[in-house]
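**Q** Dropping a prediction and its sequence here:
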Amino acid sequence: MTPVIALLDANVLYPASLRDLLLQLAFAGFYRARWSAEIDEEWKRNLLAARPGLAEKIERTQIVMRQAIPDALVTGYESHIPNLVLPDARDRHVLAAAITAEAEVIVTFNLKDFPAAVLAPHGIEARHPDAFLQSFITGLPLHFLNAVRDCLSRLTKPPVTIADYIQVIRRLGLTKTATFLDDNRSHWQSYS
């Protein structure tokens, strides 16, 4: 079975912990991640506005992202933009990239900006990242726990506890994912 293609909106790439988890899952073959240079620039610009001291880290992160998932960058989508109508015209580039990438899903916190009636003719649906992660939790729970373990193992400066990681995931609004991790804390601890 071919993994689903998912276009990642800038707002799910902005938080480091969610970005890392989504990219870990893509790298592990759960799904095929896609984004455009415009999306890449948007999350970077917004993060730099909030935390200007991270410029060098963000540059390194983008390089690592491109190396880890070399086919993620969607190009040639601009011709779709003028024909798309969304509640916020500034989001048309996201849908255009999803169409070009032949994505089945746009992973975004802004579901209202991507109405089902507009996306359906393109065979695309918008999903909140918590719902997107639930599809992997339901289908491959042990593999999902291993992916989380891999993410946690990289958080060494300073080290992050399992409880802290779950709290961060919950604060991001990924309540079902956080509950799953909390409920399985002892199980996935044994994999470390």
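**A** It's in. All values reported here derive from a predicted model rather than from experimental measurement.

**Q** Can you give me the distance of I137 to N184?
**A** Counting by CB to CB, to the nearest Å, the separation of I137 from N184 is 9 Å. The C-beta positions use only the backbone N, C-alpha and C, and glycine is treated the same way.

**Q** For D20, grab the count of nearby residues.
**A** 19 (other CB atoms under 10 Å).

**Q** My read is that it contacts D150, right?
**A** No. Taking contacts as CB atoms under 8 Å, D20 lies outside contact range of D150: 9.2 Å.

**Q** all strands for the protein, in order.
**A** Assigned by DSSP state E, the strands in the chain fall at 5-8, 32-36, 73-74, 105-107, 125-127.

**Q** Show me what the third one is packed against.
**A** Contacting strand 73-74 under the criterion 3 or more CB pairs under 8 Å, 6 or more residues apart in numbering; DSSP states H and E are the following elements: strand 32-36, helix 92-101.

**Q** can you do 6 Å?
**A** In terms of contacts (3 or more CB pairs under 6 Å, 6 or more residues apart in numbering; DSSP states H and E), strand 73-74 is packed against helix 92-101.

**Q** Can you give the domain ranges for this protein?
**A** As assigned by automatic domain parsing, the chain contains the domains 5-127, 140-189.
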